[in-house]
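Peer 1: Fold the stuff below for me.
(one chain, ligands or ions: 3)
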Amino acid sequence: MSVKKIVVLPGDHIGPEIVSSAVEVLKTVEKKCSDLKFEFEEHKIGGASIDAYGTPLTDETIKACLEADGIILGAVGGPEWTNPNCRPEQGLLKLRKSLGVWANLRPCTFPSKSLLKYSPLKSEIAEGVDFCVVRELTGGCYFGERTEDNGSGHAMDTWPYSVEEVTRIARLAAWLAQTYNPPAPVTLLDKANVLATSRLWRKTVAKVFKEEFPHLTLKNQLIDSAAMLMVKSPRTLNGVVLTDNLFGDIISDESSVIPGSLGLLPSASLSGIYGQTENLNCLVEPIHGSAPDIAGQGIVNPVGTILSGALLLRYALNAHKEAAAIEAAVEKVLDDTSIGGRGLYTRDLGGDAKTVGITKAVVEELEKIL
Ligand SMILES: NC(=O)c1ccc[n+]([C@@H]2O[C@H](COP(=O)([O-])OP(=O)(O)OC[C@H]3O[C@@H](n4cnc5c(N)ncnc54)[C@H](O)[C@@H]3O)[C@@H](O)[C@H]2O)c1
Ligand SMILES: CC(C)[C@H](C(=O)O)[C@@H](O)C(=O)O
Ligand SMILES: [Mg+2]
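Peer 2: Ligands and ions are numbered 1, 2, ... in the order given. Prediction:
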């Protein structure tokens, strides 16, 4: 049995609160599964790293992450770090680039059945939603050349993409579609009616699917109308939703409205596919940010981060049974009507459960399942 090294990056504000929940859950998996052994190593990132070392990401942290089997991150950022040349978010972007994690999987589904009636959308619209946003993560306008306004009154961002970058993510989206039974449709979201990069995406993705995955269904949807469909008839996007870095960032936050809270959704960023990519890097994090408005009150929803731990097990360690067990434990806790008759929810979902209460309940359920 090999020991798996997991680097833990709590980050800022609510980051430490949610990451400790996920680590507790992973430690429970370790306790119950004799063939899984973890070694956790904590490092600073974001504002915490700026305060300690004057930079949002140190070389030591990058090295530790490159040597790890998996990385779990809370969130970075906050209003107190105002220097545009030394922002917490730059640490996260540099980490993604250094690890080469170009594919960001952001599944959107209901972690529990009982949540359906609390969705801001009508039940008949939200029911059965199950798609995974595959967001390109190391290209596009996040990493294009940029000119800051240094008093000239002009600023510029550029939005570059290459055929190679689009081809590899198209293949990953197709691989993911094929893990569904039957294989899922893939919907490409872009702005091909305006942007040159979107036209490159459309042409390249169509070629990959025609030549390599002719049995899969590929659909196209402009990003603006996709944003509308996501709340009007979200099931039309079921399957795999493939898109670029910025569109994926925006549309995934929107998708969290379907199950009811930004605090629910996990993500995994990958440098390839388990079993197919040598030295695969995997960074998991919830899709939300550092939520400075609720930090330190013990009321943060830890579910997105706990489920991110499940994605780490699935996509970095091939531990599918254990990943599914975490998801089942979360579902049980959210559906547990024995407390207040409405499941155990934090304040973002209208409940009064605390972060530690949810975590403890998930750990207890997991111990029963594993
Ligand atoms: N991956 C990351 O580290 C990441 C992601 C997004 C935003 N950020 C950063 O986070 C900071 C705050 O950004 P923002 O306010 O726009 O977005 P946010 O996601 O931090 O918060 C948006 C709203 O959702 C709520 N929320 C978020 N996560 C929650 C949870 N787990 N439980 C309950 N409620 C939750 C917050 O309280 C807030 O009202 C910024 O500095 C931003 O750059 C970091
Ligand atoms: C903090 C920020 C750089 C980040 C992004 O835009 O990728 C965040 O919004 C996310 O969704 O992970
Ligand atoms: Mg975001």
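Peer 1: Can you report how many residues neighbour E148?
Peer 2: 12 (other CB atoms under 10 Å). Placement of C-beta: from N, CA and C, glycine included.
Peer 1: My read is that it contacts P84, right?
Peer 2: Yes: contact criterion CB atoms under 8 Å: E148 and P84 qualify, at 6.5 Å.
Peer 1: Please name the nearest non-neighbouring residue to the closest residue to ligand 2 within the stretch 101-250 of the chain.
Peer 2: Ranked by CB to the nearest ligand atom, the top residue of the stretch 101-250 of the chain for proximity to ligand 2 is D249, at 4.3 Å. Counting by CB to CB, 6 or more residues apart in numbering, D249 lies nearest to R135, which is 6.8 Å off, once chain neighbours are set aside.
Peer 1: And the helix or strand hosting that neighbour, what does it pack against?
Peer 2: Assigned by DSSP states H and E, R135 falls within strand 130-136. Using 3 or more CB pairs under 8 Å, 6 or more residues apart in numbering; DSSP states H and E, the elements in contact with strand 130-136 are strand 103-109, helix 163-178, strand 239-243, helix 245-255.
Peer 1: Mind exporting the C-alpha coordinates of it to CSV?
Peer 2: Once non-C-alpha atoms are left out, strand 130-136 reads as follows in CSV (Å, rounded to 0.1, in the frame of the first residue of the first chain):
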residue,chain,number,x,y,z
ASP,A,130,-27.3,16.6,-14.2
PHE,A,131,-24.5,18.2,-16.2
CYS,A,132,-20.8,18.7,-15.7
VAL,A,133,-19.2,21.9,-16.9
VAL,A,134,-15.8,21.2,-18.4
ARG,A,135,-14.0,24.5,-18.2
GLU,A,136,-10.7,25.1,-19.9
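Peer 1: can you map out the strands along the protein?
Peer 2: For the chain, applying DSSP state E gives strands covering 3-11, 37-42, 70-75, 103-109, 130-136, 146-147, 156-157, 186-190, 218-222, 239-243, 266-270, 282-286.
Peer 1: Let's have these in a markdown table, adding mean pLDDT.
Peer 2: Below are the strands of the chain laid out as a markdown table (pLDDT from 0 to 100):
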| stretch | mean pLDDT |
| --- | --- |
| strand 3-11 | 97 |
| strand 37-42 | 97 |
| strand 70-75 | 98 |
| strand 103-109 | 98 |
| strand 130-136 | 98 |
| strand 146-147 | 94 |
| strand 156-157 | 97 |
| strand 186-190 | 98 |
| strand 218-222 | 98 |
| strand 239-243 | 98 |
| strand 266-270 | 98 |
| strand 282-286 | 98 |
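Peer 1: can you put those in JSON lines and add mean neighbour count and distance to ligand 1?
Peer 2: Conversion of the strands of the chain to JSON lines gives the following (neighbours: other CB atoms under 10 Å; distance: least, CB to the nearest ligand atom, whole Å):
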{"stretch": "strand 3-11", "mean neighbour count": "21", "distance to ligand 1": "6"}
{"stretch": "strand 37-42", "mean neighbour count": "14", "distance to ligand 1": "16"}
{"stretch": "strand 70-75", "mean neighbour count": "28", "distance to ligand 1": "4"}
{"stretch": "strand 103-109", "mean neighbour count": "23", "distance to ligand 1": "10"}
{"stretch": "strand 130-136", "mean neighbour count": "25", "distance to ligand 1": "12"}
{"stretch": "strand 146-147", "mean neighbour count": "11", "distance to ligand 1": "17"}
{"stretch": "strand 156-157", "mean neighbour count": "12", "distance to ligand 1": "16"}
{"stretch": "strand 186-190", "mean neighbour count": "25", "distance to ligand 1": "20"}
{"stretch": "strand 218-222", "mean neighbour count": "17", "distance to ligand 1": "24"}
{"stretch": "strand 239-243", "mean neighbour count": "27", "distance to ligand 1": "17"}
{"stretch": "strand 266-270", "mean neighbour count": "25", "distance to ligand 1": "8"}
{"stretch": "strand 282-286", "mean neighbour count": "28", "distance to ligand 1": "5"}
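Peer 1: excluding its backbone neighbours, what's nearest the residue nearest to the spatial centre of the chain?
Peer 2: Centrality entry for the chain: nearest residue to the mean C-alpha point is S267, 1.8 Å, by CA atoms, centre = their mean. Closest residue to S267 apart from its sequence neighbours, by CB to CB, 6+ apart: R106 at 4.6 Å.
Peer 1: All good on my end, thank you.
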